[in-house]
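Q: mind looking at a prediction? Sequence and model below.
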Protein chains: 6
Amino acid sequence: MLVRVVNPNTTESMTALIEATARAVTGPGVTLEAVTPAMGPASIESHYDEALAVPGLLAAVAEGERDFVDGYVVACFGDPGLDAARELARGPVVGIAEAAMHAAMLVGRGFSVVTTLDRTRGRAWDLAARYAPAGACRGVYACDIPVLALESDPTVIERVVALARLALEKDGSDVIVLGCAGMADLCAAATAELGVPVIDGVAAATLLVQALITLGVGTSKRGEYAEPPAKSYTGLLTPFHRPA
Amino acid sequence: MLVRVVNPNTTESMTALIEATARAVTGPGVTLEAVTPAMGPASIESHYDEALAVPGLLAAVAEGERDFVDGYVVACFGDPGLDAARELARGPVVGIAEAAMHAAMLVGRGFSVVTTLDRTRGRAWDLAARYAPAGACRGVYACDIPVLALESDPTVIERVVALARLALEKDGSDVIVLGCAGMADLCAAATAELGVPVIDGVAAATLLVQALITLGVGTSKRGEYAEPPAKSYTGLLTPFHRPA
Amino acid sequence: MLVRVVNPNTTESMTALIEATARAVTGPGVTLEAVTPAMGPASIESHYDEALAVPGLLAAVAEGERDFVDGYVVACFGDPGLDAARELARGPVVGIAEAAMHAAMLVGRGFSVVTTLDRTRGRAWDLAARYAPAGACRGVYACDIPVLALESDPTVIERVVALARLALEKDGSDVIVLGCAGMADLCAAATAELGVPVIDGVAAATLLVQALITLGVGTSKRGEYAEPPAKSYTGLLTPFHRPA
Amino acid sequence: MLVRVVNPNTTESMTALIEATARAVTGPGVTLEAVTPAMGPASIESHYDEALAVPGLLAAVAEGERDFVDGYVVACFGDPGLDAARELARGPVVGIAEAAMHAAMLVGRGFSVVTTLDRTRGRAWDLAARYAPAGACRGVYACDIPVLALESDPTVIERVVALARLALEKDGSDVIVLGCAGMADLCAAATAELGVPVIDGVAAATLLVQALITLGVGTSKRGEYAEPPAKSYTGLLTPFHRPA
Amino acid sequence: MLVRVVNPNTTESMTALIEATARAVTGPGVTLEAVTPAMGPASIESHYDEALAVPGLLAAVAEGERDFVDGYVVACFGDPGLDAARELARGPVVGIAEAAMHAAMLVGRGFSVVTTLDRTRGRAWDLAARYAPAGACRGVYACDIPVLALESDPTVIERVVALARLALEKDGSDVIVLGCAGMADLCAAATAELGVPVIDGVAAATLLVQALITLGVGTSKRGEYAEPPAKSYTGLLTPFHRPA
Amino acid sequence: MLVRVVNPNTTESMTALIEATARAVTGPGVTLEAVTPAMGPASIESHYDEALAVPGLLAAVAEGERDFVDGYVVACFGDPGLDAARELARGPVVGIAEAAMHAAMLVGRGFSVVTTLDRTRGRAWDLAARYAPAGACRGVYACDIPVLALESDPTVIERVVALARLALEKDGSDVIVLGCAGMADLCAAATAELGVPVIDGVAAATLLVQALITLGVGTSKRGEYAEPPAKSYTGLLTPFHRPA
């Protein structure tokens, strides 16, 4: 079983963290590879960043299809390009926000998300509305630490835990979802501090993709997620476009 | 890792089918046991049946806790007693309707359910409203074959496939969810016939429970799913009650 | 007209309070009886308690049908077993949360619930989602007094009124719903203190059941609430099962 | 106990039908009066008709307050002027669509409405969205008989029953709501034909108002339904305006 | 192009303010007229006021149709009589709450409303539910200044701005909607103070009506908004009724 | 006033159609320019196409900001890149699906969409859920004519009108929304055939952008739509990235 985890941003150290996190939950017989796209922003903190990250992500999935990859993880909490990636892939494609929210719903009554920048909170709410019934996501909190500072800022764990405590109290939540792939390494410490399930989407998505592959189901090719129609292309992105 | 799959009805042959289905997707290092409760109805086809099946199911979960079970599957598509079982369990507890609907949402845009008796359709809709955003579940169809006839009726597969075809067409769905644990053995044949993902909840729930255990998260014990308060009991069920 | 009010827990003093409350609003020509089930927990404060209370409640309804009872009240704010009871009953069956919420919607724009233990708040929200459009229930508050302490704790009325005041202010509500059958005797005092409609579900449900009987409508026997199919049973609950 | 049923249109024969229907369910000790407003349209079949019926309805409620009426029924299925009437009244005010929908939700899982003109279907859906959770109202069907023809057209009962049958089948409903005060006299015959609960809002609202009065709750005077602020008036409606 | 703005209350100075506001955004080739109805309340601050304002508003629209008016604005934030006015009008009819909310959704992710009296907040929420998806309107705040005091009270701008600041912070909104036609002249100053889009519905509705007329679309006359059926009338309002 | 209409695909003849359509509703004093991006697919018929069209669209908006453009139309019915474009733009940015749905809600009670390929129906529903309350969009129908065939296929108008008729009947809609920029030239003929408002989003969006500019409101720069944070970029898209 070959699972590829795509880090939609171009920061290699983040791909390394994602890979380590995913490998820690990979079962025997599974080959797990984490990849960094050849183009895009160093981190994703706006709709603009997300939009410009997607072509690189899709190129990675198109390559994965040529390599007979069995399933993919999209390892950015905004789940960028998920619908488009599903059109390209035969196997399952799971986003980390999606995976984390699904896992959270299985172990509690309501979750709160702790994420990075305040401006990304709207996207988290949009995704919650897409994946979960009303009321499952009870709050989204921003620690206001930029994505690339998560690695180096020594106060991250304290601030994330403090926000999570506030969220549990204010929202009456019983599960915390970490709202960034770059927070994957905080999960164990936060769990120990908080005494409630804390979900990291990278590990959750890796496990869900493996589960779906074991189940023998890929992305449905009936209707909306069928292979995209062939199309002529203009300009810079043309060489990255799948052959018509 | 010890996973226990509870068949909430008391029909042993159905427990055997459930066990075989779950074992087929069990990873290495996982001990999987399927159990039949000591009391309850032979099949679950009404709210009444469900209500009378739950005490036996809960006794099985209470026993599981004494045996240090790591996680549970509730193997009836009505997901009976799920909230109560979560109060008893330290590890995760996943219902098969819940698991099937979550899995369906990961591989398509909208699913339809094919279930047994017409009178259980309302319960399936209730569960869809609990687990999924509006619009994810697009239809629930009944083949009107009683649960215990699924095993012996040779027309089952044809009728289920025919209904699924109708559902895909009418609802514009791209995934089919099988609405009964007793349909687990139809999954492969239905997939082959239909050419879309067909989800059996027994396999899906078994995989999700394993994933949650690997992730290291159990049922949240903060708030609603905390251990139930000790209570004095009257009458027949007293010996089955957890010690106060 | 014969109305039976079932207290789903086994505490006789609570049945007595419920009976007195229901009798106070019973019309002429109505025989009202309150009953205590032969098995179950002394109070209902968890999903687990609720699940184990339901078989006793259903036995009481099955007995009621043999006695030609015209309608039932389920007198616990979690409305346990309501769907199953409706399958058994020819006449109407009304839960006290259901009745209180319906009544509240008829006299105001939004209500808040004041209930007992914090862990039961989720159930109250679930019921509000089932009975009322989004926005009708604006808050659920817990006074954190156990059900069986309501009778003896002299601070109950103060604490309930204080929480209700907070709720009216914070939620902008205009009606208060009392979230426990054991609070029925607080209704008059709370109304006097608060100056807004305060709804006790026991009285409300008793009146609604009488109204439905007068209207000549019972539980619909078309579809989901038809009599449950006959079934063979195993174990302890068998003698309580309706004859097939 | 003094209950006043206001027929918001000005057709006396319809007031007589409404009065007879309401009287049939009136308890001992209740004085029931049906009134026809002094101004307005002969029947209500558009938003325009509804808007011009409301001043007459409100004048009737204002007069009722001077007469110490304990509660009101608004006997048109569009529930015209309900919010405004509640601002004027101390006691409860219940609309017949509201009452019928509430009653329907207590005895089944989903109802369908059979009403008069096709153009009024939107209003019925609006009211269902206001009173009921999504999914409770499953369909609204128009028999396309004008309100004032209901009395004389001998085919009415057949057409209403035929539409109701279609609705039960197509919507999977288990309760029928009659969508016009002028259909009150069809209720018994339709019930006999259809074998499911058929709800007439006039009787239902009369019973609900009595229930609320017995419960001792009137319209909440906190916030939105407080007495309207005094105001100076211009033109024709001035003499009908409550004294400031 | 002839656009008529109807002030549904009878205060001429408010009509003058509305006219000036509308004229400021009127394109070349557009004749804009603001009218005051011949009957109704001096201001609209309750459902009762709204109900009694509607007949005058509808008379103004009926007159407009005789004058071949191309489109209408209903210039009260409760959007009174909108459905009925649409039945009368061939061209588009736009309410100012409707227009302001639509405009707000085009320039931000979530808006908050600042309105006059606390008791009108429920109406604003009702309208938001009618015009916008859940979550678009994030809060409704009342400055508790009566409509007719807006003109003379020198503290209005300060209080509105302070409330708007609170709303932006508490709701995480990015747009402010002014909740009263009488606040139209505050828009520029509030925008300057707040640094976010501040929407006045009078200007917004005037522009939207012009846009719809330019687009060549009027109110749909298929179904619910078709011309109301002819009807016989009784009492005071008869002379104002459209000829049958 | 400078308005730029961006055709997100790279087919010049479609840009020409869009420009002609937009110019037809442009007011005096408005300079309208339609632009074709320098990169991307020839038409947009999948999530994949949409994702690869967005970088070109954003480059066009970034250029527009350097040219002091006052407002933008995104002229593809999938409203691709709308959030990201709003982050870049000071003025308003309106999508044509958004504009058409807003316009439709102002002139009727419920609209149906007629679009091109069946596989794009899901996107139309997603957008309806984002822009409109539940129930406003009643159906989405596909004529199964590829975008680039719209221009040349002589049966287009017949097939669109036939589908629209079906939609009006089946959905009970009263307005039709054309679901593709390439259908703009069908609007007049379809209106004439159908006798209900038919909305073309290109014209609607052009008018709404002009209205917002006249209103003096641009995209809110508070929170989610603030200018995207500066970021380092890798690979092909780097030269198109805004200077940090």
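A: Received it, and whenever you're ready, just let me know what you need.

Q: phi, psi of the residue of chain A found nearest chain E?
A: Closest contact between chain A and chain E, by C-beta to the nearest C-beta, is at A:Gly122 (5.2 Å). In short, each C-beta sits where N, CA and C put it, glycine included. Per-residue torsions, A:Gly122: phi -60, psi -40 (degrees, to the nearest 10).

Q: okay, the residue lying closest to it once chain neighbours are set aside: pLDDT?
A: For A:Gly122, ignoring the flanking residues on the chain, the nearest one in space by C-beta to C-beta, 6 or more residues apart in numbering or on different chains is F:Glu224 at 4.3 Å. At F:Glu224, the model reports a pLDDT of 97.

Q: so what's the residue nearest the centre of chain A up against?
A: Centrality entry for chain A: nearest residue to the mean C-alpha point is A:Ile96, 2.6 Å, by C-alpha atoms, centre = their mean. By C-beta atoms under 8 Å, 6 or more residues apart in numbering or on different chains, A:Ile96 lies in contact with A:Val73, A:Val74, A:Ala75, A:Cys76, A:Phe77, A:Asp79, A:Ala181, A:Gly201, A:Val202, A:Ala204, A:Ala205.

Q: and those, which two are furthest apart?
A: The span of the contacts of A:Ile96, defined through C-beta to C-beta, is set by A:Cys76 and A:Ala204 at 13.9 Å.

Q: more neighbours, these two?
A: A:Ala204 (31 against 28; other C-beta atoms under 10 Å in any protein chain shown).

Q: how near is that one to A:Asp126?
A: From A:Ala204 over to A:Asp126 the distance is 19 Å, taken as C-beta to C-beta, to the nearest Å.

Q: the lengthiest helix in chain A: which residues count as buried?
A: When chain A is parsed with DSSP state H, its longest helix is helix A:47-66. Neighbour-count burial for helix A:47-66 flags A:47-64 (criterion: 16 or more other C-beta atoms under 10 Å in any protein chain shown).

Q: so how far is the helix or strand just after it from its chain's centroid?
A: Following helix A:47-66 in sequence order, the next helix or strand is strand A:71-74 (DSSP states H and E). Taking the mean of its C-alpha atoms, strand A:71-74 sits 9 Å from the chain's own mean (C-alpha atoms, centre = their mean, to the nearest Å).

Q: after strand A:71-74 comes which helix or strand?
A: Next helix or strand after strand A:71-74 toward the C-terminus (DSSP H and E): helix A:82-88.

Q: which regions of chain A lie under the pLDDT threshold?
A: Residues of chain A that meet the criterion pLDDT under 70 lie in A:240-244.

Q: strands of that one, residue ranges please.
A: Here chain A has its strands, by DSSP state E, at A:2-6, A:31-35, A:40-41, A:71-74, A:93-95, A:111-115, A:137-142, A:175-178, A:198-200, A:233-234.

Q: buried ones in the first one?
A: Under the neighbour-count criterion of 16+ other C-beta under 10 Å, strand A:2-6 has A:Val3, A:Arg4, A:Val5, A:Val6 buried.

Q: again with the longest one
A: Using 16+ other C-beta under 10 Å as the test for burial, strand A:137-142 gives A:Cys137, A:Arg138, A:Gly139, A:Val140, A:Tyr141, A:Ala142.

Q: pull up the residues of chain A that are close to chain E.
A: Residues of chain A lying close to chain E by C-beta under 8 Å from any C-beta of the partner chain are A:Arg121, A:Gly122, A:Trp125, A:Ala129, A:Ala134.

Q: any quick PyMOL command for the buried ones out of those residues?
A: In PyMOL, a selection of the buried entries from the residues of chain A next to chain E looks like this (16+ other C-beta under 10 Å):
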select buried, chain A and resi 121+122+125+129
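
Q: quick one: residues contacting A:Val160.
A: Going by C-beta under 8 Å, 6+ apart, A:Val160 touches A:Val114, A:Cys143, A:Leu178, A:Met183, A:Leu186, A:Ala190.

Q: please name the residues that touch A:Glu12.
A: A:Glu12 is in contact with A:Thr36, counting by C-beta under 8 Å, 6+ apart.
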